[in-house]
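> fold the following.
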Amino acid sequence: MRRFSTVLAAFATAALLAACSSNDTGNSTGSGSANGGPGSGFGTSPVGTSALNANGAGGLLAPGVPDRVFFDTNKSRLTQEDRSTLDAQAHWLEQNRVAVMVAGNTDERGTEEYNLALGQRRANAARDYLVSKGVPASQIRTISYGKDRPTAMGSTEADWAKNRNAITSVATR
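Below you'll find the model as predicted:
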């Protein structure tokens, strides 16, 4: 009977952990504790997370510093406009040595696995650019939410375009 109780307790713990983490990471390609998943002590703070503004351009990481870059369908390549946004983020991060989380997102189309991988590539592209501009890699964590955290609700091309992004937010350790 004791063995049954132990197995039952282990199963219940595993189920509870799975339920908690499924809303937080959604990433099969590099999440978890090392990249800001559950147990890392590296969560996001409300400071850099904001809703889209009226024209859908995104929010601010800090006053005057946009918090997100946008991508073309099925792409993780940065445009010149994205690089300008990330230049502003890099400058701000140079002045404010805070940890940040870069979350890669996709629109609703495609499989869960594809979108998680694409979201990770987008987060990595933003992180790699920030690092190339002098931001220490240890200051940046990445995560992919795939299609699980849309910023625009709806199924139009305009909504999808808003959801294909990488969002940088201040993180807590």
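> confidence score at the closest residue to V135 other than its chain neighbours?
Of all residues beyond its chain neighbours, the one nearest V135 is L93 (4.9 Å), with distances taken as CB to CB, 6 or more residues apart in numbering. (C-beta placed from N, C-alpha, C; glycine too.) According to the prediction, L93 has pLDDT 97.
> would L93 count as being in a helix?
Yes. Counting by DSSP: H, G, I helix; E, B strand; the rest coil, one finds L93 located in a helix.
> what sits against it?
Counting by CB atoms under 8 Å, 6 or more residues apart in numbering, L93 makes contact with 100, 130, 135, 139.
> show me the strands in the protein, by range?
When assigned using DSSP state E, the strands of the chain occupy the ranges 43-44, 60-62, 65-66, 68-70, 100-105, 140-146, 165-172.
> and the ones you listed as TSV, adding mean neighbour count and mean pLDDT?
Listed next are the strands of the chain as TSV, based on neighbours: other CB atoms under 10 Å; pLDDT from 0 to 100:
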stretch	mean neighbour count	mean pLDDT
strand 43-44	18	40
strand 60-62	19	91
strand 65-66	20	96
strand 68-70	24	98
strand 100-105	27	98
strand 140-146	26	98
strand 165-172	23	92
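> turn those into CSV, including distance to T156.
Conversion of the strands of the chain to CSV gives the following (distance: least, CB to CB, whole Å):
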stretch, distance to T156
strand 43-44, 28
strand 60-62, 25
strand 65-66, 23
strand 68-70, 15
strand 100-105, 17
strand 140-146, 19
strand 165-172, 16
